[in-house]
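> Let me see the structure of the following:
(chains A, B and C)
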Amino acid sequence: MSQDFVAILFGDPFAIMNTIGLVAFALVGSSKAVREEFDVFGITIVGLSMAFAGGATRDLLVTRVPLALQSPIEISLGLFGVGLAIALSVGLSSPDTHPITLVADAIGLAAFATTGAIVATEAGVSAFGVVAIATINAVGGGAFADILLDRAPFILFEDFYASCAVLGGSAYWVVGTLGAAESTAAVVCAVVTVVTRLTAVTYNWNLPTVQNSGPLND
Amino acid sequence: MSQDFVAILFGDPFAIMNTIGLVAFALVGSSKAVREEFDVFGITIVGLSMAFAGGATRDLLVTRVPLALQSPIEISLGLFGVGLAIALSVGLSSPDTHPITLVADAIGLAAFATTGAIVATEAGVSAFGVVAIATINAVGGGAFADILLDRAPFILFEDFYASCAVLGGSAYWVVGTLGAAESTAAVVCAVVTVVTRLTAVTYNWNLPTVQNSGPLND
Amino acid sequence: MSQDFVAILFGDPFAIMNTIGLVAFALVGSSKAVREEFDVFGITIVGLSMAFAGGATRDLLVTRVPLALQSPIEISLGLFGVGLAIALSVGLSSPDTHPITLVADAIGLAAFATTGAIVATEAGVSAFGVVAIATINAVGGGAFADILLDRAPFILFEDFYASCAVLGGSAYWVVGTLGAAESTAAVVCAVVTVVTRLTAVTYNWNLPTVQNSGPLND
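Sure, this is the predicted structure:
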């Protein structure tokens, strides 16, 4: 049933969240590439990779052809985000760390955690599968973009980034298991993810590290 | 027939090797992340990634939904390995290079080479396909963990690591082609892999490099 | 219909381009690993990875088992390319930057852009899907090899590399949509890719970068 693209594109939670996520993450990915002084082609590739890599990985995990390769609307939304980033980069001094970009990143994270939870639930995987696919959908694009930019995927170092998608995906599963409609679960997932993420950014939350007691650490 | 998860989980070679491999690799991956002073979330992600990435890649290559996303037992075993690593890290000075971890790594390598060979044989791929999938299943988790830790995947530099999985996977194919039962082939594969790996670690085996005769090398 | 491997292996555009691409990219990948002083096993892995990673990703994106795992001919061609690279490395001072290697790289890029466009078209994806899969098939192997070699995937920095595959894949789609036969579209795709690539290397073409006007750039 997840193949019914006409239905997907009008009025259901997946289409709305997917649209938001694609534009937001294409903008964020392109902004990072602008900062690294990539050429126009490289900026476009990094932007589209950040927009599409998470969803494509999600689709491969449930063994279907990635939506991005089938729907012309997806690529249009991605290119729109890339164009926004290039426009912003002319006016802003540090487009990749500007509040606009940080908020877009949190919104994209929340939107893609939600699309991942929806697709995973439709595919009938386990509770862990729903949370894992929501998280991979949400952070996969950023991790892939970081590899292209030759950075260690930052999600592990920046506390409460991937964690927010884990919380959002878990909330989706709990609310859905309690009997809520897909649209209700989607709103809960998106709100939990974006609120925890923006709160973490604002208050600079940290998770504890494991203290290693040995004398040989450097 | 590889979809028969109930049968897989009781008494067959795949279930036994998979259980061993998941706990061993979750332990090894988490130990590396402890060493790098990741937070608890990062340690869990690296541990689970090392446990699941090889098998998930194997499953994608034979176009099925990764077992880790379907079976709640898999995630429990992975989290058990992560917990072991955190417990060990409190007591050991260098958990990632401790003999316990090195032996666990060799055991995980052997166990996952075997699960890869079993799944590949069931999927009906070529002889090269069996060896390739056994090797990818065995080293994929470590390579993925290394990328998350921003290291060059060490398997190419540490001699006789991936090579051991190649030997084990080849042994599985040879023994199976000669008519042995799956359980016999599995034992041979696991023994060849773990013995060659532990011998290589003990005696510090090296493969020859290609001498490049030109004057421009640096 | 893409499953008809017997037909694929005799006389059709896919088989011809695939053969050329496998040997060329195995040679290029192995040459890079020789330069980095990898051992024989590492050289073989990098060579085969460069030969197979792009096509395997393509096959996963259209949800089929990678051809490389099914056809014994594929691995033979890959190993032939690895052997060529080792033979060349004895006689040449810098095998990875020698004109033979640069031309082989351009030829492999063109051949794999073409196989990608053929498979994508058969799978019935969108116009963007054809161009994206052609590009991923063409540059996926090199990007994967670069990750194994711990370099940033060079395709984004070396101008008019991936761009050539984008142009070739686009040409395939345009010519095919205009009604040309598969073999005609394949020749157009390969010629566009290899000519633009060799011209770019010869004249050192560059794409414009986005000028970031802010004062905080470093």
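
> show me the contacts for residue A:68.
A:52, A:55, A:56, A:74, A:75, A:78, C:128, C:129, C:132 (C-beta atoms under 8 Å, 6 or more residues apart in numbering or on different chains). C-beta: built from backbone N, CA, C; applies to glycine.

> is stretch A:171-183 up against chain B anywhere?
No: for a cut-off given as C-beta under 8 Å from any C-beta of the partner chain, stretch A:171-183 has no contacts with chain B; the smallest distance is 12.4 Å.

> Output that stretch as PDB, nothing but the C-alphas.
Taking Å, rounded to 0.1, in the frame of the first residue of the first chain, the C-alpha atoms of stretch A:171-183 are listed here in PDB:
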ATOM      1  CA  ALA A 171       6.700   8.400  20.700                       C
ATOM      2  CA  TYR A 172       5.200   7.400  17.300                       C
ATOM      3  CA  TRP A 173       5.300   3.700  18.200                       C
ATOM      4  CA  VAL A 174       3.800   4.200  21.700                       C
ATOM      5  CA  VAL A 175       1.000   6.500  20.500                       C
ATOM      6  CA  GLY A 176       0.200   4.300  17.500                       C
ATOM      7  CA  THR A 177       0.200   1.100  19.700                       C
ATOM      8  CA  LEU A 178      -2.200   2.900  22.000                       C
ATOM      9  CA  GLY A 179      -4.600   3.200  19.100                       C
ATOM     10  CA  ALA A 180      -4.100   6.700  17.700                       C
ATOM     11  CA  ALA A 181      -4.600   7.500  14.100                       C
ATOM     12  CA  GLU A 182      -1.500   7.800  11.800                       C
ATOM     13  CA  SER A 183      -1.900  11.600  11.600                       C
END
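
> Tell me the buried residues in it?
Within stretch A:171-183, the residues that count as buried by 16 or more other C-beta atoms under 10 Å in any protein chain shown are A:171, A:172, A:173, A:175, A:176, A:182.

> same check, this time on stretch A:24-43
A:24-36, A:38-43.

> Return the residues of chain A in contact with chain C.
A:34-35, A:37-43, A:45-46, A:56, A:60, A:63-66, A:68-72, A:74-75, A:86, A:89-95, A:147-150.

> Show me those residues that map onto helices.
A:34-35, A:40-43, A:45-46, A:56, A:60, A:72, A:74-75, A:86, A:89-91, A:147-148 (DSSP state H).

> Kindly identify which of the residues you listed also come near chain B.
Checking these against chain B (C-beta under 8 Å from any C-beta), the matches are A:60, A:147.

> tally of neighbours for the residue of chain A found nearest chain C?
Here chain A gets closest to chain C at one residue, residue A:93, 2.3 Å apart by C-beta to the nearest C-beta. When neighbours are counted by other C-beta atoms under 10 Å in any protein chain shown, residue A:93 registers 13.

> Same question for residue A:166.
Neighbours around residue A:166, by other C-beta under 10 Å: 22.

> helix or strand for it, which one?
In this structure, residue A:166 sits in helix A:162-177 according to DSSP states H and E.

> got the contact list for that helix?
By C-beta under 8 Å, 6+ apart, helix A:162-177 touches A:106, A:109-110, A:112-114, A:116-118, A:121, A:127, A:130-135, A:137-139, A:155-156, A:182, A:184-186, A:188-190, A:192-194, A:196-197, A:200, A:207, B:41, B:45.

> Just checking the distance from it to the centre of its chain.
Put simply, helix A:162-177 sits 14 Å off its chain's centre (C-alpha atoms, centre = their mean, to the nearest Å).

> now stretch A:86-100
With C-alpha atoms, centre = their mean, you get 20 Å for stretch A:86-100.

> And it, what's buried?
A:86, A:88, A:89, A:92, A:94, A:95, A:96, A:98.

> pretty sure the last one is touching residue A:91, no?
Think residue A:98. No: the criterion here is C-beta atoms under 8 Å, and residue A:98 misses it with residue A:91 at 9.8 Å.

> residue ranges with poor pLDDT in chain A?
For chain A, the stretches with pLDDT under 70 are A:1-11, A:152-159, A:206-218.

> quick check: longest helix of it.
Max-length helix for chain A by DSSP H is helix A:99-123.

> Return the distance of stretch A:32-49 from the chain's centre.
The mean C-alpha position of stretch A:32-49 is separated from the chain mean by 18 Å, C-alpha atoms, centre = their mean.

> And stretch A:114-123, by the same measure?
13 Å.

> Please save the CA atoms from that stretch in PDB.
Included here for stretch A:114-123 are C-alpha records, laid out as PDB according to Å, rounded to 0.1, in the frame of the first residue of the first chain:
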ATOM      1  CA  THR A 114       8.100  11.100  11.100                       C
ATOM      2  CA  THR A 115       8.300   9.800   7.500                       C
ATOM      3  CA  GLY A 116      10.500   7.000   8.700                       C
ATOM      4  CA  ALA A 117       8.200   6.000  11.500                       C
ATOM      5  CA  ILE A 118       5.200   6.000   9.000                       C
ATOM      6  CA  VAL A 119       6.900   3.800   6.400                       C
ATOM      7  CA  ALA A 120       8.400   1.400   9.000                       C
ATOM      8  CA  THR A 121       5.000   0.900  10.600                       C
ATOM      9  CA  GLU A 122       3.400   0.200   7.200                       C
ATOM     10  CA  ALA A 123       6.200  -2.300   6.500                       C
END
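
> could you list every residue that touches residue A:63?
Per C-beta under 8 Å, 6+ apart, neighbours of residue A:63: B:60, B:63, B:64, B:65, C:63.

> again, only this time at 10 Å
A:123, B:59, B:60, B:63, B:64, B:65, B:66, C:60, C:63 (C-beta atoms under 10 Å, 6 or more residues apart in numbering or on different chains).

> Over to residue A:100?
Residue A:100 touches A:27, A:28, A:31, A:84, A:85, A:88, A:92, counting by C-beta under 10 Å, 6+ apart.

> farthest-separated two in those residues?
The largest distance within those, taken as C-beta to C-beta, falls between A:28 and A:92 and amounts to 13.2 Å.

> residues shared between the contacts of those two?
Common neighbours of residue A:28 and residue A:92 (C-beta under 10 Å, 6+ apart) are A:85, A:100, A:101.

> pretty sure residue A:117 contacts residue A:185?
Yes: using C-beta atoms under 10 Å, residue A:117 makes contact with residue A:185 at a distance of 7.3 Å.

> quick one: common contacting residues for these two?
Common neighbours of residue A:117 and residue A:185 (C-beta under 10 Å, 6+ apart) are A:13, A:171, A:172, A:173, A:175, A:176.

> So which residue is dead centre in chain A?
Nearest to the geometric centre of chain A sits residue A:138, at 3.0 Å (C-alpha atoms, centre = their mean).

> Buried residues in the helix or strand encompassing that residue, which are they?
Under the criterion of DSSP H and E, residue A:138 resides in helix A:127-148. Neighbour counts over helix A:127-148 (16+ other C-beta under 10 Å) mark A:127-148 as buried.

> same thing with stretch A:54-72?
Buried, per 16+ other C-beta under 10 Å, within stretch A:54-72: A:54-62, A:65-71.

> As PDB, could you dump the C-alpha coordinates of it?
Taking Å, rounded to 0.1, in the frame of the first residue of the first chain, the C-alpha atoms of stretch A:54-72 are listed here in PDB:
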ATOM      1  CA  GLY A  54      18.000   9.100   4.700                       C
ATOM      2  CA  GLY A  55      14.800   8.300   2.800                       C
ATOM      3  CA  ALA A  56      16.600   6.200   0.200                       C
ATOM      4  CA  THR A  57      18.200   4.100   3.000                       C
ATOM      5  CA  ARG A  58      14.800   3.800   4.600                       C
ATOM      6  CA  ASP A  59      13.300   2.600   1.300                       C
ATOM      7  CA  LEU A  60      16.200   0.100   0.800                       C
ATOM      8  CA  LEU A  61      15.600  -1.300   4.300                       C
ATOM      9  CA  VAL A  62      12.000  -2.100   3.500                       C
ATOM     10  CA  THR A  63      13.100  -3.300   0.000                       C
ATOM     11  CA  ARG A  64      11.400  -0.900  -2.300                       C
ATOM     12  CA  VAL A  65      12.800   1.400  -5.000                       C
ATOM     13  CA  PRO A  66      13.600   4.800  -3.400                       C
ATOM     14  CA  LEU A  67      10.800   7.300  -3.800                       C
ATOM     15  CA  ALA A  68      13.300   9.900  -4.900                       C
ATOM     16  CA  LEU A  69      14.000   7.900  -8.000                       C
ATOM     17  CA  GLN A  70      10.400   7.600  -9.000                       C
ATOM     18  CA  SER A  71       8.700  10.900  -8.100                       C
ATOM     19  CA  PRO A  72       9.700  14.000 -10.100                       C
END
